[in-house]
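1. let me see the structure of the following:
(chains A, B, C and D)
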Number of protein chains: 2
Amino acid sequence: MSTLSLAILGLISQGPRSGYDLRKAFATTPMGHFSMSPGAIYPALKRLEESGLVRGTVERKRTLRPREVYALTEEGREALRSTLLQPIGRDDVIWRMDNLMLRFAFIGDVCGHEQAIAYLKALATHTESYVRELKGFRAMVVGRGAIYGRLALQHGLASYAATARWARHAAKELEKAHREPAAHQ
Amino acid sequence: MSTLSLAILGLISQGPRSGYDLRKAFATTPMGHFSMSPGAIYPALKRLEESGLVRGTVERKRTLRPREVYALTEEGREALRSTLLQPIGRDDVIWRMDNLMLRFAFIGDVCGHEQAIAYLKALATHTESYVRELKGFRAMVVGRGAIYGRLALQHGLASYAATARWARHAAKELEKAHREPAAHQ
DNA sequence: CGATACATGTAACCGGTTACATGATTTT
DNA sequence: AAAATCATGTAACCGGTTACATGTATCG
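-> Numbering: from 1, shown residues only, chains lettered A, B, ... in the order given. Take a look at the predicted model:
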């Protein structure tokens, strides 16, 4: 499942959405990391409908401005759930971090608070492990010239370290929110 | 120019490379963020050659295991230089950060130390400006539920902030290296 | 009345992924 | 002799980007 499909499925899981709604969501929130072009969204919706994960119904059928609203099917919810709960791997951390963040954004509502916390811990663990890997690589290239490469590597390191720190912190926050339910509700 | 083409061009700018060399470089360094599949690299090399940016010559022509090595043309060096010096925009920061980091990795050797420093400063400025934008967005969503979304946003914030910090720090480092040339050479 | 927002789509293009294909050379 | 490495490619597929097309409704 592509990142875009996952984003669409996740948004629809929060309630029925039209293609236009989705475009707006992508355009006006920092979710805009994901495509907002109609040429991507409408075909993606069609594909999701073909595979039975969403079902579209036309609202205002008889008016001159109809609007097709998509809702998650049971099958779709199941697919979303199983995608979100897929174990995290090294490759995900390296090549699909945006996917991992997207999964986090939805996992709490779809799979429950505990799953969100477990997910963050797994994410932290895997990210920290990759940080160690990068440090090992850095140790291999010490000294010997290539200052630009070294600095670029340093960025990767700093960036992944920030993600790991965030994951640990966010996990603690969710645990706190769990212990003190509706504290600031 | 796609990220892959840029990576290839940058590597070739350091010296002639074969397709296999490039695959190895992508597979064994943290540059592996970029594709290492032959199905991407060989066609990309062909395209670069067609547009005159690299020229391939067959080594060991008469042996049973020939090897085609590509070198940068003058035109290629010019294209690389102008790509690297392209001004940074908001969209680059949001959608093409990996491209920006790749550009940094090569800009020093291709365009000179001063350009690398200027590039880092511009990168820091643009990243900081996006961080401010995200903070503004966060301020808009305060309180009101959506803890997962808030945390996801927090990650973006932390991640971009780390990049900005890194850029400032790296710029200082390059300036220092400039003032104390060959200090630890 | 003009601009903006609502609303959905198509078509050409590009390029990356996956999987397959081939075979020589070197190392164990 | 088997396994790993060297070395280059092709073909089918997928899906995102860009640009285009169409028309209504609402607001100032």
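2. low-confidence bits of chain A, can you list those?
-> Across chain A, the ranges flagged by pLDDT under 70 are A:61-64, A:143-144, A:181-185.
3. find the centremost residue of it, please.
-> Chain A has residue A:102 as the residue nearest its centroid, 0.8 Å off, counting by Cα atoms, centre = their mean.
4. can I get the helix or strand hosting that one in CSV, CA atoms only?
-> In the assignment (DSSP states H and E), residue A:102 maps to helix A:97-111. In CSV, the C-alpha atoms belonging to helix A:97-111 read as follows (Å, rounded to 0.1, in the frame of the first residue of the first chain):
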residue,chain,number,x,y,z
MET,A,97,10.0,7.2,7.6
ASP,A,98,7.1,9.3,6.3
ASN,A,99,5.1,6.2,6.1
LEU,A,100,5.9,5.3,9.7
MET,A,101,4.9,8.8,10.9
LEU,A,102,1.7,8.5,8.9
ARG,A,103,1.0,5.2,10.5
PHE,A,104,1.5,6.7,13.9
ALA,A,105,-0.9,9.5,13.2
PHE,A,106,-3.7,6.9,12.7
ILE,A,107,-2.8,3.9,14.9
GLY,A,108,-4.2,5.3,18.1
ASP,A,109,-7.7,5.9,16.8
VAL,A,110,-7.8,2.7,14.8
CYS,A,111,-6.0,0.2,17.0
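5. so which elements touch that helix?
-> helix A:3-13, helix A:74-85, helix A:90-95, helix A:113-140, helix B:147-179 (3 or more Cβ pairs under 8 Å, 6 or more residues apart in numbering or on different chains; DSSP states H and E). (Each C-beta comes from the backbone N, C-alpha and C, glycine too.)
6. same thing but at 7 Å, please
-> With contacts taken as 3 or more Cβ pairs under 7 Å, 6 or more residues apart in numbering or on different chains; DSSP states H and E, helix A:97-111 sits against helix A:3-13, helix A:74-85, helix A:113-140, helix B:147-179.
7. distance check, the closest residue to chain B within chain A against residue A:119.
-> In chain A, the residue found nearest to chain B is residue A:162; the distance is 3.7 Å by Cβ to the nearest Cβ. In this view, residue A:162 and residue A:119 are 18 Å apart by Cβ to Cβ, to the nearest Å.
8. quick one: which of these two has more around it?
-> residue A:119 (24 against 21; other Cβ atoms under 10 Å in any protein chain shown).
9. close enough to count as contact, that one and residue A:107?
-> Yes. Residue A:119 lies in contact with residue A:107 (Cβ atoms under 7 Å); the separation is 5.3 Å.
10. got the contact list for the residue nearest to the centre of chain A?
-> Going by Cβ atoms under 7 Å, 6 or more residues apart in numbering or on different chains, residue A:102 touches A:3, A:6-7, A:10.
11. mark which of these are buried, thanks.
-> By neighbour count, with 16 or more other Cβ atoms under 10 Å in any protein chain shown, those hold A:3, A:6-7, A:10 as buried.
12. what helix or strand is residue A:55 on?
-> Assigned by DSSP H and E, residue A:55 belongs to strand A:54-59.
13. what pairs with that strand, parallel or antiparallel?
-> strand A:67-72 (antiparallel) (DSSP bridges).
14. list the buried ones in the partner strand?
-> Within strand A:67-72, the residues scored as buried using 16+ other Cβ under 10 Å are A:68-70, A:72.
15. residues in contact with stretch A:65-78?
-> With Cβ under 7 Å, 6+ apart as the criterion, stretch A:65-78 contacts A:9, A:12-13, A:16-18, A:45, A:52-60.
16. try it again with 10 Å
-> Outside stretch A:65-78, the residues within contact range by Cβ atoms under 10 Å, 6 or more residues apart in numbering or on different chains are A:8-22, A:42, A:45, A:48-49, A:51-61, A:79-80, A:110.
17. stretch A:15-28 and DNA strand C, are they touching?
-> Yes. Using Cβ under 7 Å from any atom of the strand, stretch A:15-28 reaches DNA strand C at A:18-21, A:23-24.
18. please pick the buried ones from these.
-> Buried members of the residues of stretch A:15-28 next to DNA strand C, counted by 16+ other Cβ under 10 Å: A:18-19, A:21, A:23.
19. out of those residues, which sit inside strands?
-> Those of these mapping onto strands are residue A:18, per DSSP state E.
20. how about the buried ones among the residues of stretch A:15-28 next to DNA strand C in CSV, adding distance to chain B?
-> Shown next, in CSV, are those (distance: Cβ to the nearest Cβ, whole Å):
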residue, distance to chain B
A:18, 20
A:19, 21
A:21, 16
A:23, 16
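21. flag every residue of chain A that's near DNA strand C.
-> So chain A meets DNA strand C at A:18-21, A:23-24, A:38-39, A:42-43, A:45-46, A:65-69 (Cβ under 7 Å from any atom of the strand).
22. just those: which are in helices?
-> Using DSSP state H, the subset of the residues of chain A next to DNA strand C located in helices is A:19-21, A:23-24, A:38-39, A:42-43, A:45-46.
23. tell me which residues are up against the strand holding residue A:55.
-> Residues from elsewhere that reach strand A:54-59, judged by Cβ under 10 Å, 6+ apart: A:5, A:8-9, A:12-13, A:16-19, A:45-49, A:65-73, A:75-76, A:79.
24. can you narrow the residues you listed to ones near DNA strand D?
-> Near DNA strand D, judged by Cβ under 7 Å from any atom of the strand, the entries from those are A:5, A:47, A:65.
25. just the buried ones from the residues you listed?
-> residue A:5.
26. what is the nearest of the ones next to DNA strand D among the contacts of strand A:54-59 to residue A:172?
-> residue A:5 (31.5 Å; Cβ to Cβ).
27. contacting residues for the residue lying closest to residue A:97 once chain neighbours are set aside?
-> Leaving aside its sequence neighbours, residue A:97 sits nearest to residue A:163 (Cβ to Cβ, 6 or more residues apart in numbering or on different chains; 7.1 Å). Listed by Cβ under 10 Å, 6+ apart, the contact set of residue A:163 reads A:93, A:97, A:100-101, A:123-124, A:126-128, A:130-131, B:155, B:158-159, B:162.
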